[in-house]
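K.L.:
using only what follows, build the 3D model:
(2 chains)
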Amino acid sequence: QQQVKQSPQSLIVQKGGISIINCAYENTAFDYFPWYQQFPGKGPALLIAIRPDVSEKKEGRFTISFNKSAKQFSLHIMDSQPGDSATYFCAASPAGGTSYGKLTFGQGTILTVHP
Amino acid sequence: DAGITQSPRHKVTETGTPVTLRCHQTENHRYMYWYRQDPGHGLRLIHYSYGVKDTDKGEVSDGYSVSRSKTEDFLLTLESATSSQTSVYFCAITGTGGPYGYTFGSGTRLTVV
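P.N.:
Sure thing, here's the model as predicted:
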């Protein structure tokens, strides 16, 4: 059972445009929502993360929007650059209990930014 | 990548043979994880360790075993490799035990023929 659903599978954006990737989750015990960026041949690297006590978090050109009632969160990349071309994963983890520390990942989005 | 090394980086093996992948860390972190990455599935947790000789199963543990005899090494063994285990395997470490501060290795690409 896929507990975190991510869309779209692939995304093509022009340089300077806005890239938007969406995720939806089912488990209400999830309490931490990170986004990872992965370049070919590399492991995923943490990009930005949010807790459900805030509705938005911004770091540079990257923003997470969080809607707790809808159980959805999204990544917005403003002024997208060719160097942002990578695979992006959303993920979620519960706050505690026996599953603490285990990340559940979305399926991934391949982002291509054309110059 | 921040003191975490996976070996080998690439491996081709035959169906039915045992295979061991190694994750080595120099961060002295207590918690280590093995994930597999497949198109359309993202990353899925295979096994994890919360200390020397302390391990537990993840979401997709069937056909895999792990061992951790030293803090720095976490081994993943495919007991009898099958084509469905063709994948990219990632090791991750964290010092907190929580989801924060995960660091991933560069991965091992395993092909079972």
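
K.L.:
okay, CA-based contacts and neighbour counts for the rest of this
P.N.:
OK.

K.L.:
look up how far chain A lies from residue B:34.
P.N.:
For residue B:34, the distance to chain A (Cα to the nearest Cα, to the nearest Å) stands at 11 Å.

K.L.:
ok, what's across the strand from that residue?
P.N.:
On the basis of DSSP bridges, residue B:34 is bridged to residue B:47, residue B:91.

K.L.:
what's the answer for the one 4 residues further on, then?
P.N.:
Listed beta-bridge partners, residue B:38: residue B:42 (assigned using DSSP bridges).

K.L.:
distance of it from residue A:62?
P.N.:
Residue B:38 sits 26 Å away from residue A:62, going by Cα to Cα, to the nearest Å.

K.L.:
just residue B:70 next, same as before
P.N.:
Counting by Cα to Cα, the gap from residue B:70 to residue A:62 is 39 Å.

K.L.:
tell me where chain B has strands.
P.N.:
Remark: strands assigned in chain B by DSSP state E are B:4-7, B:10-13, B:19-25, B:31-38, B:42-51, B:54-57, B:64-70, B:73-78, B:87-94, B:103-104, B:108-112.

K.L.:
quick check: angle from the third one to strand B:31-38?
P.N.:
Angle, strand B:19-25 to strand B:31-38, by axes from the mean of the first three to the mean of the last three Cα atoms, to 10 degrees: 130 degrees.

K.L.:
hmm, strand B:19-25 in reach of chain A?
P.N.:
No: if you take Cα under 8 Å from any Cα of the partner chain as the test, strand B:19-25 misses chain A, and the best it gets is 13.0 Å.

K.L.:
who does that strand pair up with?
P.N.:
strand B:4-7 (antiparallel), strand B:73-78 (antiparallel).

K.L.:
export those to a markdown table and append columns for mean neighbour count.
P.N.:
Output for those, formatted as a markdown table (neighbours: other Cα atoms under 10 Å in any protein chain shown):
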| stretch | mean neighbour count |
| --- | --- |
| strand B:4-7 | 20 |
| strand B:73-78 | 20 |
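
K.L.:
mean pLDDT added to those, as JSON lines?
P.N.:
Shown next, in JSON lines, are the strands paired with strand B:19-25 (pLDDT from 0 to 100):
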{"stretch": "strand B:4-7", "mean pLDDT": "97"}
{"stretch": "strand B:73-78", "mean pLDDT": "98"}
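
K.L.:
so for residue A:91, which of the ones you listed sits nearest?
P.N.:
strand B:4-7 (21.2 Å; Cα to Cα).

K.L.:
can you list contacts of the closest one?
P.N.:
By Cα atoms under 8 Å, 6 or more residues apart in numbering or on different chains, the residues outside strand B:4-7 that reach it are B:21-27, B:90-93, B:103-108.

K.L.:
nearest to residue B:44, of the strands paired with strand B:19-25?
P.N.:
Of all the strands paired with strand B:19-25, strand B:73-78 sits nearest to residue B:44, with 14.3 Å by Cα to Cα.

K.L.:
isn't there a strand covering residue A:98?
P.N.:
No: with DSSP: H, G, I helix; E, B strand; the rest coil as the criterion, residue A:98 is assigned helix and is not in a strand.

K.L.:
thanks a lot, catch you later.
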